[in-house]
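Asker: model this:
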Amino acid sequence: MKTSILCLVICIIGCFNLFGQADDSKYLELTEPQLRDIGFVINEKGIFFKSEIPSEDAKKYLTSVRGYLNTPDDRGTIHIFGTEYEGNEKHLKDKEKPVYFDSLNPVKCDYYFVKIIEIGGDMICDVDPHKAVTIPIVVRQTKYDFQIKKDVIFYMIASEGLRKKLSFVDNLNQYIVTLKGE
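Answerer: The predicted model follows:
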């Protein structure tokens, strides 16, 4: 009798541990240098990602640059339309004090984010309402004193370029997620 109660208690504790933990293993976690290698800027001013949208997708989304910023003072996502981006150099010269994000050059690549959520589920940005094949990448922000104090998951388009940059990940295919869209 005591043995069966002990076994039951152990099983219950095991179930709590199994189901009570967040499953971060389904998101790819990269080191800071690896995040920088795919285009993230991480410094005392904040965490930034700014990518140029490939021309075939830019027409679909009507944006030419997509960006994310999390700083001590500001946070959010930015979508820059073609005409705004083409005049960016003039825009920077005309501004008395351009913000740091404006001065960053966008990464010229075939990948960009389509969705960003906080670990825990709160939505930050959902850009792509269509079906998209993505690689969810965890960006740890909790150790910084920025506006968003939670870790976030970037759903990046699983393009050839991103797969090549992440070729050091042996089991990369296990992380690939297809977002259903609306």
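
Asker: strands along the chain, start to end?
Answerer: Using DSSP state E, the strands of the chain run over 28-29, 40-43, 46-52, 65-70, 75-80, 107-108, 113-118, 123-126, 132-139, 152-157, 177-179.

Asker: please name the bridge partners of the most centrally placed residue in the chain.
Answerer: The chain has residue 154 as the residue nearest its centroid, 2.0 Å off, counting by C-alpha atoms, centre = their mean. For residue 154, the beta-bridge partners under DSSP bridges are residue 116, residue 137.

Asker: which pLDDT value goes with it?
Answerer: At residue 154 the predicted local distance difference test score is 96.

Asker: could you find the closest non-adjacent residue to residue 79?
Answerer: Computed as C-beta to C-beta, 6 or more residues apart in numbering, the closest residue to residue 79 that is not its neighbour in sequence is residue 63, at 4.5 Å. (Glycine included, C-beta is placed from N, CA and C.)

Asker: oh, I was asking about residue 109
Answerer: Nearest non-adjacent residue to residue 109 (C-beta to C-beta, 6+ apart): residue 161, at 5.0 Å.
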